[in-house]
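Novice: Sequence plus the predicted model coming up.
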Amino acid sequence: MHKSELRHTYKALRENLSASEIDKMSLQIANQSLKLDIWKFEFYHIFLSITKHKEINTEYLLQIIFGKDGNAVIPKVKGAELEHYLLTDSTKLKISNWDIPEPEKGIKIQPEQIDVVFMPLLAYDRSGNRIGYGKGFYDKFLSRCRPETLKIGLSFFEPEAENIEVSEHDINLDYCVTPNTIHKF
Ligand SMILES: Nc1nc2c(c(=O)[nH]1)N(C=O)[C@@H](CNc1ccc(C(=O)N[C@@H](CCC(=O)O)C(=O)O)cc1)CN2
Ligand SMILES: Nc1ncnc2c1ncn2[C@@H]1O[C@H](COP(=O)(O)OP(=O)(O)OP(=O)(O)O)[C@@H](O)[C@H]1O
């Protein structure tokens, strides 16, 4: 399957999930993530969910990040790239044109400062190749992070059996957390 077909297939799989299934699996994903040895770092990048696209609810992971005294950093689309802001009690969020809750303003964090990136994805394979929405936002962002920054995908589903075609910009996942297990690549 080509990338566009895989996007289509996995969007449809997500569409079939009910709100309560999404909530339950999102909590399971957060609980699985506690098994990873990643909780001593400073800056954790995480996305705020697009509810209507049935993304993983990241509220539970956010609670863990704060519970572990980590800092949460959230993205904001600026042109063709992402900017990154610290999420604090005073962060004012605004729903963007693409239905993403984004910070209006705040303390900017540079990609080089980020230790762990939790990533949205549509599909991934058993080698840790991932497919996003196809705008390249995350690939561009990851190329500016330190090489040792941990890249952790979050998915309701197990990896695609077929290998995903890789392009030169694609950066591999280190892990993918699902409701039942953690895949290490
Ligand atoms: N919650 C969340 N935040 C995120 C992402 C994400 O996947 N999830 N992103 C991950 O990259 C970045 C923003 N990604 C975007 C991806 C696509 C489009 C976009 O242009 N979408 C199409 C419609 C897509 C559809 O409905 O299927 C459009 O408006 O034409 C905009 C932003 C940063 N923040
Ligand atoms: N580091 C980069 N610098 C410049 N362009 C890039 C970079 N990474 C990706 N791109 C461009 O972004 C576009 C989309 O890439 P790709 O199809 O891999 O997206 P994706 O991985 O599905 O999406 P995303 O990374 O947003 O989750 C491609 O046209 C690619 O050339």
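Specialist: Nice, thanks for sending it over. Ligands and ions are numbered 1, 2, ... in the order given.
Novice: Spatially central, which residue of this protein would that be?
Specialist: Centrality entry for the chain: nearest residue to the mean C-alpha point is M119, 1.9 Å, by C-alpha atoms, centre = their mean.
Novice: Give me the distance between that one and ligand 1.
Specialist: 8 Å (C-beta to the nearest ligand atom, to the nearest Å). Every C-beta, even on glycine, is put in place using the N, C-alpha and C of the backbone.
Novice: Tell me the helices and strands packed up against the longest strand along the chain.
Specialist: The longest strand of the chain (DSSP state E) is strand 71-78. Here strand 71-78 touches strand 43-45, helix 59-67, strand 81-86, strand 101-103, helix 137-142, going by 3 or more C-beta pairs under 8 Å, 6 or more residues apart in numbering; DSSP states H and E.
Novice: Parallel or antiparallel, which strands does the following helix or strand past the third one pair with?
Specialist: The reference is to strand 81-86. The helix or strand immediately downstream of strand 81-86 is strand 93-95, counting by DSSP states H and E. Applying DSSP bridges, strand 93-95 is found paired with strand 101-103 (antiparallel).
Novice: what distance separates the strand it pairs with from the middle of the whole chain?
Specialist: Distance, stretch centre to chain centre, for strand 101-103: 15 Å (C-alpha atoms, centre = their mean, to the nearest Å).
Novice: for stretch 131-150, same thing?
Specialist: Worked out by C-alpha atoms, centre = their mean, stretch 131-150 lies 10 Å from the chain centre.
Novice: and L27, what element?
Specialist: Counting by DSSP H and E, L27 is found in helix 19-33.
Novice: ok, that helix near ligand 1 or not?
Specialist: No. Helix 19-33 is not in contact with ligand 1 by C-beta under 6 Å from any ligand atom; minimum separation 12.6 Å.
Novice: what does the longest strand of the chain rub up against?
Specialist: For strand 71-78, contacts defined as C-beta atoms under 8 Å, 6 or more residues apart in numbering pick out 42-48, 62, 65-66, 82-87, 91, 96, 98, 100, 102-103, 109, 114, 137, 141.
Novice: Partner strands of that strand, with direction?
Specialist: Within its sheet, strand 71-78 is paired with strand 43-45 (parallel), strand 81-86 (antiparallel), according to DSSP bridges.
Novice: Just want the angle from that strand to helix 59-67.
Specialist: Counting by axes from the mean of the first three to the mean of the last three C-alpha atoms, to 10 degrees, strand 71-78 lies at 130 degrees to helix 59-67.
Novice: Spell out whether strand 71-78 and ligand 1 are in contact.
Specialist: Yes. Residues of strand 71-78 contacting ligand 1 under C-beta under 6 Å from any ligand atom: 75, 77.
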